[in-house]
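Colleague: what's the 3D shape of this:
(3 chains)
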Amino acid sequence: MTDSILKIRQVSHAFDDHRVLYNVNLDIQRGQIVALVGPSGCGKSTLLRAIVGTHPTQSGESVMCDGAGSTRMIREPGRDRGIVYQRYSLFPHLTAQENVAYGLQVDQTTIASRIFNRRRWSALRKTHMEEAAVMLERMHLGSALKKYPPELSGGMCQRVALAQALIMRPEILLLDEPFGALDEATREELQKVLLTLNGDAKSRSEDASYTVLIVTHEINEAIYVSDRVIGLSQYWNWKEVGETSSPGATIVYDQPSPVYSLRTERDMLKFQDQKDTILRVVFEPSYTRSWKEYNSAVREDVKGS
Amino acid sequence: MKKTMTRLWAGVGLLAGTAVADPSFTIAVSEYPSWSGTFLTACDIGLIDGAEGAQGPLEKKWKVDLVVKDTDYDSCITLFVNGTIDASCLTDIDSLAPSVTRKAVAILPTSTSAGADACLVQPSITSVQDLKGKPVRGLSSSVSEYTFDKCLEAQGENPKDYVFENLDPVQVGVVLQSGKIDAGVTWNPVVMETLKAKPDLKRLFDSSLIEGQIIDMVTVSRESLEKEGGKDFACAVVDVYYTICKLMDNPDTQDKMLISMGKRFAGLGLQDMRIIVKETRFYSTPEKGIALFTGDKLPAVMKNDVLPWTVKKELVDQDKQPKIVFGNDPAAELCFDPQYMQLVKNRK
Amino acid sequence: MIGQAISHRSRLVCSILSVVLLVAGYALLADQQHRKNPNDRTIPTWNQLWEGVLYLTAKPEVSRSDEADLLAAALAGAEISAEVDSTREGFLEHRILWEASKATLGRLFGGLMLGLGLGVLAGVLMGCFLKLDAVASPIMYFASRIIPTAAMPIFFKMAGIDLEMYVAMITFGSMPIVTLSVSQYVQTYPCELRYKAYTLGASHAEVITTAIMPGILPKIFDLAILMIGPALVYLIAAEQIVAGEGFGYRIRVLTKATRFEAVYPLIVILTVYAGAITWGLKWLQHRLCPWYNQERR
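Modeller: You can find the predicted model right below:
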């Protein structure tokens, strides 16, 4: 699949006098797992919120594309975009199973139908809960169905959150530093979960499933999990475009990354070069060469095995 | 079909009949032997209903709906002034200021204080002169302070030589018992209970020295009397009062009556109520009430004692003193009108 | 060390000890007072307090048949021929504590339900729609600063002096505070959860009813528990002034008669009622919001 699912065109944004994003352009293809990295405060979350639709940017546009060629502007949150946050990932008043079934409930029924058509609602609810249980089993959380979020570990919460988002089959799944608050071991485990799900989906040839944009500050994670790494940075040669002061962050790095599966041994040395490049181009303040340098070519030395 | 229609019309007629209600009037009553003790007891035994929309036998007799509101004394004044109620149980002293805002007619004297208000002192105080220089506590600008000032005058003393400081009447009883004050003026049942609790306290003087000055009354607003059913309302109030008084005066029903009244006056028992009704002298018959309103004594008291005192205490504005008439005068702010007592007496 | 933990047993022993000390201290005080004045009732002895409790729970001296006799005599005196209904429910049949409890608790529940209900509704709307919040907040803030007991004459005029007045007073006293608090809870509800609900397909109404409301429900219970105290203050103050029945009325009447042996038990019983309502609300919170206790732990 090579068609675009999300297009971001000339997006810029400022908070009062502080310019955050400058002329960001991005195309995400259907089925890609894209990692977005960048220094702290560069505007990753601003960009993500613009894609979610909760905080539209001041200029430019973000559009969702369907496979038939029509587009719709992103102006508010919608069913086509799933989100998993780093914190507040689950509704505290629902059990793990109810959290996962929540989306099915609100998407397939209305308040009125739940009140006035109780019989149908009961039957539907039973189906939703069964589907949620199946999803959680896939996440190896079969024993945690009836537990509330405070009773779950951080890693379990994030797995439930992933299940909650994925059961709705969004066109694109947005992950905002989902594993950021977890320890190394748990984070690796969840990275594997993501890869497993993606692998399963691909093997089942599921359409429009698991197009993912993951925002992370962990470069190892970005390279391991994704098949494309995008670097957003305020450290670029903005004088080249006639600006007299920093106009905000833009995309300075956009390259494929090796595609790993669970069968592949996770060897971080294999992509050390790419990591070094990302660190230099995206994170180093003194590196202000042309922002186009790492933006388009596919580099032979980072193809995966 | 015809039968059904007849029944239907009968039902409509019944409903219509039920819907045409007798006019409703409210009276505020506070806790006092001749107020709560009579009107609320009348509700308790079923002589009147007291709730809006329901009538007891006496209300049906006069074709009015009496709504009795049990509140504290200050609220009786406030509710009367702001027009929330038609009638209030007030003393002559406290009827003056409201009448400036809302023309009032006193239709019924219920009782007079004849010892119910008293100055109590510690054993160290043996005469009135001993009070000089010592603060005497009681509710200021009220019946308590009036009792204090007028009793001093009755004994040849000048109230300006004495100090009267404000304190709630119930608290007067409490602090007298604790010995924290030398003297206080309060009213029943606090007087009675305080003396029981601390027998060495003395009753230095009381309102029996000025009997006939503090008159407990029922005051109705003139506009309520002029409404449809207003006169019947006034007559019903008077009739309730005298009916209860008859029960009090009847040896066969007196004890039960006093116990019932005691429930509505500080929960006092029979023995205490016997004392209470001696120290609060009821105008228990129409003859007594009419004689008070048509005699010479009360007009003189109002003119020479009560009104000047309320002006001195700034309860009534010097420049806006109410016109007081004994009889009926629509132009007067406050009338003492015996006609309703007369009507009830004649109807009987 | 500050904050050092103690065992359950130690906690229990200390609590029992404090109650014992309180009881013993009071007994000593009453004994001292009665040595000074054997007739004293301002600090009743335990025996006197028991008599007070008996007074509050005793059947009245005048029975229904006595009432009927009085009514018959009254009707004869007023020259009214009417049937005496001996089955009529009179005031005098019931025990003081029962009547006072019915009156006060009825008013309290009515006022609290209305105050909380309206406050939660207004608070949720204000929290969700910030324009409404901008318009209503200054008014609510001002209203929350008005002391209901000081504004009683206004309540008399607007709501009369029956049940409506008490309910209005408690509602007015609690609603602005509840509204402002709930609005704050809604506004501080994690935005991530709101956005998530939208992305899962929830409508605006569903975000409110299935995400926000259940999320803030435990805090609403906490708020209800906090409002019991102020509501009782307003209610008892109002009952002392205008009621014909209720704890406030009884306390006023009995205080006038310096029957403190009955006043103190009334105060204790009222406190027990408040405690029972608090416990009931906590139990309900625990049942309906089991996750809340997990979070707290």
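
Colleague: residue of the stretch 1-150 of chain A nearest chain B, please.
Modeller: Going by CB to the nearest CB, chain B is nearest to A:Phe116 of the stretch 1-150 of chain A, at 35.9 Å. Backbone N, C-alpha and C define where each C-beta goes, glycine included.

Colleague: how near is A:Asp3 to A:Glu61?
Modeller: Here the criterion is CB to CB, to the nearest Å. By it, A:Asp3 lies 18 Å from A:Glu61.

Colleague: so those two - more neighbours on which side?
Modeller: Using other CB atoms under 10 Å in any protein chain shown, the more surrounded residue of A:Asp3 and A:Glu61 is A:Glu61, with 16 against 13.

Colleague: buried residues, the helix or strand harbouring the more buried one. List them.
Modeller: According to DSSP states H and E, A:Glu61 maps onto strand A:59-65. Going by neighbour count (16 or more other CB atoms under 10 Å in any protein chain shown), the buried part of strand A:59-65 is A:Gly60, A:Glu61, A:Ser62, A:Met64, A:Cys65.

Colleague: which of those are close to chain C?
Modeller: Among the buried residues of strand A:59-65, no residue is within reach of chain C (CB under 8 Å from any CB of the partner chain).

Colleague: for the residues you listed, give me a markdown table that also has pLDDT.
Modeller: Below are the buried residues of strand A:59-65 laid out as a markdown table (pLDDT from 0 to 100):
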| residue | pLDDT |
| --- | --- |
| A:Gly60 | 92 |
| A:Glu61 | 91 |
| A:Ser62 | 92 |
| A:Met64 | 91 |
| A:Cys65 | 89 |
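
Colleague: and the residue nearest the centre of chain C?
Modeller: With distances taken as CA atoms, centre = their mean, C:Leu232 lies nearest the centre of chain C, 4.0 Å away.

Colleague: am I right that it is in contact with C:Phe109?
Modeller: No - counting by CB atoms under 8 Å, C:Leu232 does not reach C:Phe109; the two are 11.7 Å apart.

Colleague: and for B:Ile214, nearest residue in space, chain neighbours not counted?
Modeller: B:Ser113 (4.3 Å; CB to CB, 6 or more residues apart in numbering or on different chains).

Colleague: OK, contacts around the one you found?
Modeller: B:Val143, B:Thr147, B:Trp187, B:Ser207, B:Ile210, B:Glu211, B:Ile214, B:Asp216, B:Glu279, B:Thr280, B:Arg281 (CB atoms under 8 Å, 6 or more residues apart in numbering or on different chains).

Colleague: and those residues, which of them are buried?
Modeller: Here, 16+ other CB under 10 Å leaves B:Val143, B:Thr147, B:Trp187, B:Ser207, B:Ile210, B:Ile214, B:Asp216, B:Glu279, B:Thr280, B:Arg281 buried among the contacts of B:Ser113.

Colleague: next, the contact list for the residue nearest to B:Pro57 when sequence neighbours are not counted, please.
Modeller: Among residues not flanking B:Pro57 along the chain, C:Ala82 sits closest, at 4.1 Å (CB to CB, 6+ apart). C:Ala82 sits next to B:Pro57, B:Lys60, C:Leu75 when contact means CB under 8 Å, 6+ apart.

Colleague: which residues sit against the helix or strand hosting the last one?
Modeller: Using DSSP H and E, C:Leu75 sits within helix C:64-77. Under the criterion CB under 8 Å, 6+ apart, residues B:42, B:44-47, B:57-58, B:243-244, B:246-247, B:250, B:252-253, B:256-257, B:260, C:81-82, C:84, C:86, C:88, C:90, C:92-93 lie in contact with helix C:64-77.

Colleague: contact residues of the stretch 51-200 of chain C facing chain A?
Modeller: Counting by CB under 8 Å from any CB, the residues of the stretch 51-200 of chain C near chain A are C:Pro190, C:Cys191, C:Glu192, C:Leu193, C:Tyr195, C:Lys196, C:Ala197, C:Tyr198, C:Thr199, C:Leu200.

Colleague: quick one: which of those residues sit in strands?
Modeller: Among those, no member is found in strands (DSSP state E).

Colleague: now the helices for the stretch 151-300 of chain B?
Modeller: If DSSP state H, counting those that start in this stretch is used as the criterion, the helices of the stretch 151-300 of chain B fall at B:169-178, B:190-197, B:222-226, B:230-249, B:251-263, B:270-279, B:286-294, B:297-301.

Colleague: could you do the stretch 51-200 of chain A as well?
Modeller: With DSSP H, counting those that start in this stretch as the criterion, the stretch 51-200 of chain A has helices at A:96-108, A:111-116, A:118-138, A:154-166, A:184-203.

Colleague: nearest to chain C, of the ones you listed?
Modeller: Of all the helices of the stretch 51-200 of chain A, helix A:96-108 sits nearest to chain C, with 3.1 Å by CB to the nearest CB.

Colleague: chain A - how does it break down into domains?
Modeller: A:4-80+A:171-302, A:86-169 (automatic domain parsing).

Colleague: what residues sit buried inside stretch C:272-290?
Modeller: Neighbour-count burial for stretch C:272-290 [16+ other CB under 10 Å]: C:Tyr273, C:Ala274, C:Ile277, C:Leu281, C:Gln285, C:Cys289.

Colleague: what would the residues you listed look like in JSON lines with distance to chain B and pLDDT?
Modeller: Listed next are the buried residues of stretch C:272-290 as JSON lines, based on distance: CB to the nearest CB, whole Å; pLDDT from 0 to 100:
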{"residue": "C:Tyr273", "distance to chain B": "21", "pLDDT": "95"}
{"residue": "C:Ala274", "distance to chain B": "24", "pLDDT": "95"}
{"residue": "C:Ile277", "distance to chain B": "26", "pLDDT": "95"}
{"residue": "C:Leu281", "distance to chain B": "32", "pLDDT": "95"}
{"residue": "C:Gln285", "distance to chain B": "38", "pLDDT": "95"}
{"residue": "C:Cys289", "distance to chain B": "42", "pLDDT": "93"}
